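Trainee: The amino acid sequence is not available; the structure is as follows:
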């Protein structure tokens, strides 16, 4: 998809409206994710990361790259599952930085 399609325009519009707080709580974009466990070769349960607000996107990128704001971030940080997911990802990124070969 490219950034001139009806769907992408609608995503941007809804995301911008959510960012300004002008959207009903029942409307908008909600992000769900789950982590992949390499050792178990399986996915964990879905975790709701809450409502999204539009930040920016990269026109012309394939696939189209978006940057969203987690509007419910303050609430998410109170939940153990979210904190564990963030910590696991930070630890993974740190391990990858240490084990990645340097590019010259």
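Mentor: Perfect, I can see it now. This is a predicted model, so every value here is computed, not measured.
Trainee: Let me see the mean pLDDT of the lengthiest helix in the chain.
Mentor: For the chain, the longest helix by residue count, based on DSSP state H, is helix 80-99. Averaging pLDDT along helix 80-99 gives 74.
Trainee: In terms of secondary structure, what does it contact?
Mentor: strand 47-58 (3 or more CB pairs under 8 Å, 6 or more residues apart in numbering; DSSP states H and E). For every residue, glycine as well, the C-beta is placed using N, CA and C.
Trainee: on that earlier part again, name the residues that touch the longest helix of the chain?
Mentor: 35, 47, 49, 76-77 (CB atoms under 8 Å, 6 or more residues apart in numbering).
Trainee: How far away from the center of its chain is it?
Mentor: 15 Å (CA atoms, centre = their mean, to the nearest Å).
Trainee: Now residue 58. Nearest residue, chain neighbours left out?
Mentor: residue 65 (4.3 Å; CB to CB, 6 or more residues apart in numbering).
Trainee: pull the helix or strand with minimum mean pLDDT from this protein.
Mentor: Every helix and strand of the chain was ranked by mean pLDDT, DSSP states H and E. The lowest is helix 80-99, at a mean of 74.
Trainee: What is the burial count for residue 48?
Mentor: 14 (other CB atoms under 10 Å).
Trainee: coming back round to it: do you know how far the residue nearest to residue 58 is from residue 17?
Mentor: Residue 65 sits 21 Å away from residue 17, going by CB to CB, to the nearest Å.
Trainee: and what of residue 9?
Mentor: Distance from residue 9 to residue 17, by CB to CB: 13 Å.
Trainee: between those two, which one's more packed in?
Mentor: Ranked by neighbour count (other CB under 10 Å), residue 9 and residue 17 place residue 17 first, with 16 against 11.
Trainee: Could you tell me which ranges of this protein sit under the pLDDT cut-off?
Mentor: 1, 25, 94-104 (pLDDT under 70).
Trainee: repeat that for 50
Mentor: 100-104 (pLDDT under 50).
Trainee: Residue 57 contacts residue 64, correct?
Mentor: Yes. The pair residue 57 / residue 64 is scored as a contact, 6.3 Å apart, by CB atoms under 8 Å.
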